[in-house]
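1. just a sequence and a predicted model for now, questions to come.
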Amino acid sequence: MPLDNDADVLVIGGGPAGSTAATLLARRGRSVVLAEKERHPRFHVGESLLPMNVPLFEELGVLGQVRAIGIKKMGADFPAPSRRGYNVFRFARTLRPISDHAFQVRRAELDALLFRHAAQSGARVLEGVTVRGIELAAGGATARLEGPEGAAPRSLRARYVIDASGRDTLLAGQLGLKRRNPKHQSAAVFAHFSGVGRRPGEDAGNISIYRFSHGWIWVIPLTEDCTSIGAVCWPQYLKQRSGALEEFLWGALQSVPQLRGRLENARLTGHLTATGNYSYASRRIGGPGWVLVGDAYAFVDPIFSTGVFLAMHSAKRAAELVDAVLHDPRRERALQRRYAREIREGLDLLSWFIFRFTSPVMERLFAHPRNVLRIEEAMISMLAGDVFGNRAVRWRLHAFKLIYGISWLGQWRRARASWRARRQQMGLRLSRGAGS
């Protein structure tokens, strides 16, 4: 679409975060330009949504459309020493009523749907247009836009910039704010498959999470006999591969005994992709005239399927922030501090669990859940995305941390005692040998 020289808000990135922010601001009467470097539909990983997405879709007015392109996800399942071999954490058992289900969707369809909806809501949408840089100044910003090959570069002035550029992290990179997480470095290999076995009954749409010796694996059922499967592992493990990428992925999947039966008739059908260094965060989430949302600010790990929800939730909060600041610029610092505190508290809570998920202690606690003090329901609430502002969930998750710490200490003491016993036994054998 033709561009004016000015807009109230420039939103960079046409994924769920950018489209959500653009829609909500356009509805409030703000002039919004939404710039996406690719053209929809385009493939994207992150197909598993959370129950906390449902009220957001309803607020945007697209819930019916999302339901039409997805399949119901009633919960998440993890391996367990039970008759069927796994435990299902059903979303119907959250601490407070949210939605008893979420959806599994092809992101190409979801992102295109939300992008079109932003246009229908009044945002000026640009596809195939890359934002090459932002010049920040008092009272606004100037963006350099680069269109399809052969098109002349253009500039756009905006009173505010929302960076929803995802893993491109445009502003965080430009301002030197992006920091890799040294304690949780991970890589991923994923693809789409056909013929993958599904859970019986209403659990057919659930996401399944498996651990293996070098990380964890997701299995996400999609429509039309398509299943998204990925292995998240240490980058060093991925670098050690000697064969083709497809062989590497199959090797990781076949190393999990509980998963092999579901793969007997499986065939890789496309979108084989590898990506590295998942975890990062920005030192700041906003500044004068700009704010970061979703993956443009931080990305931890996809294990609890929080990506799209965190993107849309932060976009909604950012849209409220920007609209308020455009009305009264004096409130900017206070509103940004509140926004930063909310997003960081939710991310910190999720990060604690994510960074410990592959530990033996966490594996045992997930395999044998107990609902003392309704802690299991709080865990399900976390899996549903209810990590922002719910004190009833938060104090129970902190109680779970205490249980984890006690269990870890007990395991460490048992391992230490076993090591000492082996050492003593070895010394006894050596002394007997010397005596003979």
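-> Arrived safely, thanks for sending.
2. which residues are in contact with the helix or strand harbouring Ala22?
-> Element membership of Ala22, judged by DSSP states H and E, is helix 16-27. Residues from elsewhere that reach helix 16-27, judged by Cβ atoms under 8 Å, 6 or more residues apart in numbering: 8-9, 11-12, 32, 34, 36, 56, 60, 110-111, 114-115, 117-118, 121-123, 125, 162, 164-166, 293-296, 308, 311-312, 314-316, 318-320, 322-323. Just so you know, the C-beta spots here come from the backbone N, C-alpha and C atoms, and that holds for glycine as well.
3. switch the cut-off to 7 Å
-> Here helix 16-27 makes contact (Cβ atoms under 7 Å, 6 or more residues apart in numbering) with 9, 11-12, 32, 34, 60, 110-111, 114-115, 117-118, 121-123, 162, 164, 293-294, 308, 311-312, 314-316, 318-319, 322-323.
4. repeat that for stretch 40-58.
-> 14, 63, 66, 73, 91, 98-99, 101-109, 111-112, 115, 127, 190, 207, 220, 222, 228, 271, 302, 305-309, 312-313, 316, 384-386.
5. need the pLDDT of the residue nearest the centre of the chain.
-> Nearest residue to the geometric centre of the chain (Cα atoms, centre = their mean): Gly307, 2.4 Å. If you check Gly307, the pLDDT there is 92.
6. and what of Tyr278?
-> 68.
7. before we move on, what about the one 5 residues further on?
-> Reported pLDDT at Arg283 in the predicted model: 96.
8. tally of neighbours for it?
-> Other residues within reach of Arg283, judged by other Cβ atoms under 10 Å, total 10.
9. spatially nearest residue to the residue nearest to the centre of the chain, not counting backbone neighbours?
-> Sequence neighbours aside, Gly46 is the residue nearest to Gly307 in space, at 4.4 Å (criterion: Cβ to Cβ, 6 or more residues apart in numbering).
10. ok, that neighbour - how many residues close by?
-> By the criterion of other Cβ under 10 Å, Gly46 has 21 neighbours.
11. how about Arg331?
-> Arg331 has 13 nearby residues by other Cβ under 10 Å.
12. isn't it up against Val322?
-> No - distance between Arg331 and Val322: 11.1 Å, which falls outside the contact criterion (Cβ atoms under 7 Å).
13. okay, now the unreliable bits of the stretch 251-400 of the chain?
-> Where the stretch 251-400 of the chain drops to pLDDT under 70, the residues are 277-278.
14. would you verify that the residue nearest to Gly307 is located in a helix?
-> No - according to DSSP: H, G, I helix; E, B strand; the rest coil, Gly46 belongs to no helix; its state is coil.
15. now Ala143: how far from Gly215?
-> 38 Å (Cβ to Cβ, to the nearest Å).
16. dump the residue contacts of Ser31.
-> Taking Cβ under 7 Å, 6+ apart, we find Ser31 in contact with Ala7, Asp8.
17. Leu402 too?
-> Counting by Cβ under 7 Å, 6+ apart, Leu402 has no contacts.
18. check the gap between it and Val387 for me.
-> 18 Å.
19. one more: Pro97?
-> As judged by Cβ to Cβ, Pro97 and Val387 stand 16 Å apart.
20. neighbour count for these two, which is higher?
-> Each of Pro97 and Val387 has its neighbours counted (other Cβ under 10 Å); Val387 has more, 25 against 8.
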